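S.K.: Sequence and predicted structure, then a few things I'm wondering about:
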Amino acid sequence: MGYPHPLHERETPLLSRYFGDPEARSLDGWKSRGGYKGLEQALGMAQADITNVVKDSGLRGRGGAGFPTGLKWSFMKPGDGKPHYLCCNADESEPGTFKDREVMRWTPHALVEGCAIAAYAIGAETTYIYIRGEFTEPLLWMNRAVEEAYADGILGANAMGTGKRIDMHVHKGAGAYICGEETALMESLEGRRGNPRIKPPFPAVSGVFGMPTTINNVETLAAVPQILLQGADWYKKMSLSNPKSTGTKLYSVCGNVKKPGTYEVVMGFPFKDFLYDLCGGPLDGRKFKAVIPGGASVPIQTMAEAEATLMDYEGFVAQGTMLGSGGVIVIDDAQSMVRVIARIARFFAHESCAQCTQCREGTAWTTKILERIRDGHGTMEDLDTLIEIGENMTGTTICVLSDSCAVPVISGIKKFRSEFESLIQGRRVHPVLEAVA
């Protein structure tokens with residue numbers, strides 16, 4: 001559903017079914033809607049069997065990377081004598097993305113249940129839900145849901161009376177973009193500055209407190225209980241295009257569009273229909289010009305590319321971009337692409353942890369040049385310089401924040417170069433001075 005808009009007939013509301021329903025927030029309300037039946041079933045299964053069901057379903061990480069969830073779980077080895085940890089990445093710091101926020105503020109017990117199933121499957125007695133510090137409402141409801149689950153015996157030393165321990169803690173982050181990167185999240189969780197770690201070792205070998213750890217996204221974990229109850233084949237059949245992309249996907253939609261909100265559609269849904277039908281199309285008197293479909297860090301699409309896209313991992317790649325976090329940012333013909341891209345670059349320059357030279361210097365330099373062009377003082381040579389900087393920033397750092405800044409800049413210049421050139425050629429003075437003149 002494009003909450004707060006009514007459910008559209010072409011949506012498939014699995015995770016979003018109870019968005020906007022305040023009664024679904026409480027434990028009693030969630031149980032009356034079928035909640036915790038998936039966990040009850042899981043606690044009666046062998047851990048490896050749970051992992052295999054998730055693996056067979058084709059569920060992939062919904063945070064951006066799209067890594068197969070069951071495969072990630074299989075890297076953990078329950079019973080190896082070490083403490084295991086599950087970290088739920090609820091930081092959701094990617095610009096344009098807010099679908100995890102909706103899961104937590106409307107159906108917090110869906111996430112608690114998904115975390116509990118995953119924790120049991122990978123042999124993790126302790127789960128940390130790492131929530132972005134600015135998410136005050138989701139923090140309230142998640143803390144309340146965890147408290148209710150403990151009080152009801154769902155969590156704790158004797159989870160649902162099975163004698164199995166599942167502990168869960170809600171951890172409030174400080175609001176740094178970089179803490180959405182899994183190793184920076186773990187550094188922050190341990191009380192240090194959120195700087196990404198060099199990999200290997202990977203979290204499944206040495207994660208939180210140096211112990212085996214799995215990190216999954218909110219949307220990913222919230223889907224697990226239904227997969228377990230309905231079966232892998234049921235989930236696999238929800239695919240309109242590539243069989244490697246299964247199930248439904250939540251999309252956050254914002255920008256110059258009539259109906260912004262959170263929508264849920266089956267993988268492979270036509271992006272053109274999504275934008276013009278479900279989301280209501282452009283504002284009156286305007287036309288769509290560009291779309292950033294996976295949050296600010298993915299390549300920008302022209303409308304020709306966007307309208308030819310099928311909404312799954314492979315479909316977005318085929319049209320020159322990535323699904324990413326599903327944060328759809330719509331840009332119409334009243335906006336300057338130079339201003340949009342300069343704003344994105346400034347965000348990444350501000351959020352860089354400054355650990356890597358290419359990122360620290362590259363994001364700042366990129367922002368400085370873009371803002372000079374924006375203000376009417378750019379040169380044609382600046383465009384080639386920006387592309388060269390971006391190429392040198394890509395694939396050369398510990399994490400991908402540097403790439404995240406370079407990608408929209410390079411794609412924006414290549415696809416909308418005429419806007420940059422027109423601004424360079426037509427405005428040689430500051431807008432304020434131009435107005436005075």
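M.R.: Noted; the coordinates are in hand.

S.K.: ok, now which ones touch Lys259?
M.R.: Gly2, His5, Val253, Leu278, Cys279, Gly280 (C-beta atoms under 8 Å, 6 or more residues apart in numbering). Using the backbone N, CA and C atoms, a C-beta is placed for each residue, glycine as well.

S.K.: Could you rerun that using 10 Å?
M.R.: Gly2, Pro4, His5, Pro6, His8, Val253, Asp277, Leu278, Cys279, Gly280, Gly281 (C-beta atoms under 10 Å, 6 or more residues apart in numbering).

S.K.: now swap in Glu219 and tell me
M.R.: Counting by C-beta under 10 Å, 6+ apart, Glu219 has contacts 15, 61-63, 90, 92, 99-100, 102-103, 111, 114, 248-250, 264, 325-326.

S.K.: Can you flag which of these belong to helices?
M.R.: With helices taken from DSSP state H, the overlap with the contacts of Glu219 comprises Lys99, Asp100, Glu102, Val103, Leu111, Gly114.

S.K.: circling back to that earlier point, most neighbours among the contacts of Lys259, which one is it?
M.R.: Val253 (26 neighbours; other C-beta atoms under 10 Å).

S.K.: quick one: average pLDDT of the longest helix along the chain?
M.R.: In the chain, taking DSSP H as the definition, the longest helix is helix 357-374. The average pLDDT within helix 357-374 is 97.

S.K.: Who are the packing partners of it?
M.R.: helix 337-351, helix 380-393, helix 401-415, helix 417-426 (3 or more C-beta pairs under 10 Å, 6 or more residues apart in numbering; DSSP states H and E).

S.K.: Lowest average pLDDT across these?
M.R.: helix 417-426 (a mean of 93).

S.K.: List the buried residues of stretch 255-269.
M.R.: 255-257, 259-269 (16 or more other C-beta atoms under 10 Å).

S.K.: for stretch 295-313, that is, sorry about that
M.R.: Applying 16+ other C-beta under 10 Å to stretch 295-313 flags 295-303, 305-313 as buried.

S.K.: same question, stretch 131-140
M.R.: Across stretch 131-140, burial judged by 16+ other C-beta under 10 Å covers Ile131, Arg132, Phe135, Pro138, Leu139.

S.K.: what comes into contact with it?
M.R.: With C-beta under 10 Å, 6+ apart as the criterion, stretch 131-140 contacts 25, 88-93, 98, 100-106, 108, 111, 129, 141-143, 170-177, 179-180, 218.

S.K.: Now which of those would you call buried?
M.R.: By 16+ other C-beta under 10 Å, those give 25, 88-93, 98, 100-106, 108, 111, 129, 141-143, 170, 172-173, 176-177, 179-180, 218 as buried.

S.K.: re earlier: which among the buried residues of stretch 255-269 gets closest to Ser336?
M.R.: Minimum distance to Ser336 across these is 12.3 Å, recorded for Asn256 (C-beta to C-beta).

S.K.: What about the closest residue to the closest one other than its chain neighbours, how many residues nearby?
M.R.: Nearest in space to Asn256, with sequence neighbours left out and distances taken as C-beta to C-beta, 6 or more residues apart in numbering, is Asp332 at 3.7 Å. Using other C-beta under 10 Å, Asp332 is surrounded by 16 other residues.

S.K.: can you list the domains in the chain?
M.R.: The record's domain parsing of the chain by automatic domain parsing lists 22-236, 248-332, 337-436.

S.K.: how far does the last one sit from the chain's center?
M.R.: Between the mean C-alpha location of domain 337-436 and the chain-wide mean there is a distance of 24 Å, by C-alpha atoms, centre = their mean, to the nearest Å.

S.K.: what's the answer for the first one, then?
M.R.: Distance of domain 22-236 from its chain centroid, counting by C-alpha atoms, centre = their mean, is 14 Å.

S.K.: Report how far apart the opening and closing residues of it are.
M.R.: Counting by C-alpha to C-alpha, to the nearest Å, you get 30 Å between the two ends of domain 22-236.

S.K.: Show me which helix or strand of this structure is least confident by mean pLDDT.
M.R.: helix 431-436 (a mean of 41; mean pLDDT, DSSP states H and E).

S.K.: ok, which stretches of the stretch 101-250 of the chain are strands?
M.R.: 126-131, 167-172, 213-217, 248-255 (DSSP state E, counting those that start in this stretch).

S.K.: With distance to Val338 and mean pLDDT as added columns, please give those strands in JSON lines.
M.R.: As requested, the strands of the stretch 101-250 of the chain are exported to JSON lines (distance: least, C-beta to C-beta, whole Å; pLDDT from 0 to 100):
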{"stretch": "strand 126-131", "distance to Val338": "35", "mean pLDDT": "98"}
{"stretch": "strand 167-172", "distance to Val338": "37", "mean pLDDT": "98"}
{"stretch": "strand 213-217", "distance to Val338": "32", "mean pLDDT": "97"}
{"stretch": "strand 248-255", "distance to Val338": "16", "mean pLDDT": "97"}
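
S.K.: so of those, which one's packed in deepest?
M.R.: Counting by mean count of other C-beta atoms under 10 Å, strand 213-217 has the highest mean neighbour count of the strands of the stretch 101-250 of the chain, with a mean of 25.

S.K.: could you check the angle strand 126-131 makes with it?
M.R.: 40 degrees (axes from the mean of the first three to the mean of the last three C-alpha atoms, to 10 degrees).

S.K.: right, and Leu278 touches Pro260 too?
M.R.: No - if you go by C-beta atoms under 10 Å, Leu278 and Pro260 don't touch, sitting 11.3 Å apart.

S.K.: quick one on the thing from earlier: export the buried residues of stretch 255-269 to TSV and tack on secondary structure?
M.R.: Converted to TSV, those look like this (DSSP: H, G, I helix; E, B strand; the rest coil):
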residue	secondary structure
Gly255	strand
Asn256	coil
Val257	coil
Lys259	coil
Pro260	coil
Gly261	strand
Thr262	strand
Tyr263	strand
Glu264	strand
Val265	strand
Val266	strand
Met267	strand
Gly268	coil
Phe269	strand
